[in-house]
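A.B. asks: Here is the input, now give the coordinates:
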Amino acid sequence: MTKRVLTTRENLPGRGLDRLSEAADVVAWPGTGKPGPADLAALASGVSGVLALGNDPVDGALMDAAGPTLRVISLASMGFDNVDRAAAAERGIVVTHTPRVLAETTADLTFALILAARRRLGPAGASLAEGSWELFRMHDYLGLDVHGATLGLIGYGQIGRAVARRAHGFGMRVLHHDPYAPDDELSASVDLTTLLAESDIVSLHVPLTAETRHLISARELAAMKPTATLVSTSRGGVVDEEALLHAVREGRMHSAGLDVYEREPMGAELSPLVAEEHVVTLPHIGSATEATRAAMVDLAVDNILDVLAERPARTPLPGSPAVPGASDGAPIDTAVGATGARP
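C.D. replies: The predicted model follows:
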C-alpha cells in the first residue's frame with residue numbers, strides 16, 4: 001500500500017516534491033502563510049512522513065494526530081528548534097535535517113552582512129535612492145575595514161569553517177569558540193571571553209537550544225569592543241534582541257547584521273532593529289539561492305524515501321536515531337555542541 005506523506009507547503013524549489021509524489025501519496029497544506037499546529041494536525045492522520053520547513057511547528061500533538069504510522073519527520077532546514085525532539089524520541093520517530101548542502105551559501109550571506117554592516121552600505125545606498133547625494137564629502141558614510149580585522153566565530157561547524165575560509169581571502173585573523181573544535185589551519189580555538197574581547201566582528205553559527213538561547217545578551221555585548229560588529233545567520237533566539245537594540249542605540253557597538261530573529265516571520269509588526277541605521281536586516285535568506293534551496297528539498301525528500309524504504313536516514317539530527325524505533329521509546333540524548341554536533 002502506498003504510504004502518505006504530509007508536506008507543509010504545496011510548492012517548494014526544485015523537483016523534490018515531484019519525486020516524492022512518484023513514491024507516496026502527498027498531502028499538502030494548501031495555505032499561503034505559515035501553518036499553525038491545528039492546520040497540520042487536521043491533515044496528519046495516517047501519514048508515514050512529514051516534510052516541514054525550519055519554522056513550522058512540529059510538536060507531540062501533531063505526532064499523535066498522525067498516529068502510529070508516522071516514521072519520519074524531515075526538515076528542509078539545518079536548524080531544528082521547531083521540533084519537539086523528546087516527543088519524537090518517545091515515539092520512535094526519526095527526525096532529519098539538511099546539513100552540508102547549505103553551508104557555503106549561508107557563508108556567502110554571512111560575509112555579505114559583514115561587509116554591509118562594517119561599510120555602512122545600507123545608509124549609503126538609501127541616500128542615493130532618496131536623491132539626497134548632492135555633494136561628495138570625505139566624512140560621509142565612513143565605515144570600518146574588514147580586511148585585516150579579527151573575526152570571531154561562535155560555533156565552528158560546517159558554516160563557521162566556510163566563513164573562516166572566506167575570511168582568509170580578506171587577510172583576517174580568525175578565532176573560534178566551540179568546545180568540540182580544536183585549532184586548525186584556518187582558526188585558533190579560544191574561550192568565549194577572549195573571543196569577545198579581541199574580535200572586531202563576532203559571527204554566530206550555533207543551533208538554538210536551551211543552552212544557546214540568549215547566548216549573546218547584555219553581558220556579552222558589553223564585553224565586545226565598542227567598534228565591534230555582531231552578525232547572526234544562526235537562529236534569532238541566540239541573541240537577546242532588546243539588549244542588542246540598546247547597545248547599538250547607545251553607541252556601545254558599531255553595528256550588527258541579522259538574518260534571523262526571535263519572531264519569524266515579522267509581517268507588519270517589525271522589530272525596532274529594522275529601523276536602526278547601524279543594523280543591517282534581512283528576512284532569513286541565508287540559504288536562498290535557487291540551487292541550494294532545491295538541494296535542501298531534495299535531501300529532505302531523500303531522507304523520507306530512505307526511511308519509508310526501511311533504509312537509514314541520510315542526515316538524522318545530532319544524537320538522533322537513523323531508523324524508526326531505535327530509541328525504544330526512551331528519550332534521546334539531546335546534548336549538542338556549539339556546532340550542532342554531539343561531543
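A.B. asks: Let me see the contact set for residue 100.
C.D. replies: Contacts for residue 100 (CB atoms under 8 Å, 6 or more residues apart in numbering) come out as 158, 315. Quick note: C-beta positions are derived from backbone N, CA and C, even for glycine.
A.B. asks: Look at it and report its pLDDT.
C.D. replies: Residue 100 is assigned 92 on the pLDDT scale.
A.B. asks: which residue sits closest to the residue minimising distance to the centre of the chain in space, ignoring its chain neighbours?
C.D. replies: Centroid-nearest residue in the chain, with CA atoms, centre = their mean: residue 234, separated by 3.9 Å. Leaving aside its sequence neighbours, residue 234 sits nearest to residue 204 (CB to CB, 6 or more residues apart in numbering; 4.6 Å).
A.B. asks: What backbone torsions are found at that neighbour?
C.D. replies: The phi/psi pair for residue 204 (degrees, to the nearest 10) reads phi -100, psi 130.
A.B. asks: With residue 175 instead?
C.D. replies: phi -120, psi 150.
A.B. asks: coming back round to it: how many neighbours does the residue nearest to residue 234 have?
C.D. replies: Using other CB atoms under 10 Å, the number of residues around residue 204 comes to 25.
A.B. asks: so residue 133 makes contact with residue 127?
C.D. replies: Yes - assessed by CB atoms under 8 Å, residue 133 is found in contact with residue 127 at 5.0 Å.
A.B. asks: Tell me the confidence at residue 197?
C.D. replies: Looking at residue 197, its pLDDT stands at 98.
A.B. asks: Assign it to helix, strand or coil.
C.D. replies: Classification of residue 197 using DSSP: H, G, I helix; E, B strand; the rest coil returns helix.
A.B. asks: What of residue 297?
C.D. replies: helix.
A.B. asks: swap in the one 3 residues further on?
C.D. replies: In terms of secondary structure, residue 300 is helix; the call rests on three-state DSSP.
A.B. asks: so where's the stretch 201-343 of the chain shaky on pLDDT?
C.D. replies: 326-343 (pLDDT under 70).
A.B. asks: where do the helices sit along the protein?
C.D. replies: Counting by DSSP state H, the segments of the chain that form helices are 16-23, 37-41, 60-66, 85-90, 103-118, 121-129, 158-169, 192-198, 218-222, 241-249, 290-308.
A.B. asks: The third one - contacts with which helices or strands?
C.D. replies: If you count contacts as 3 or more CB pairs under 8 Å, 6 or more residues apart in numbering; DSSP states H and E, helix 60-66 packs onto helix 37-41, helix 85-90.
A.B. asks: ranking the ones you listed by burial, who's on top?
C.D. replies: helix 85-90 (a mean of 19; mean count of other CB atoms under 10 Å).
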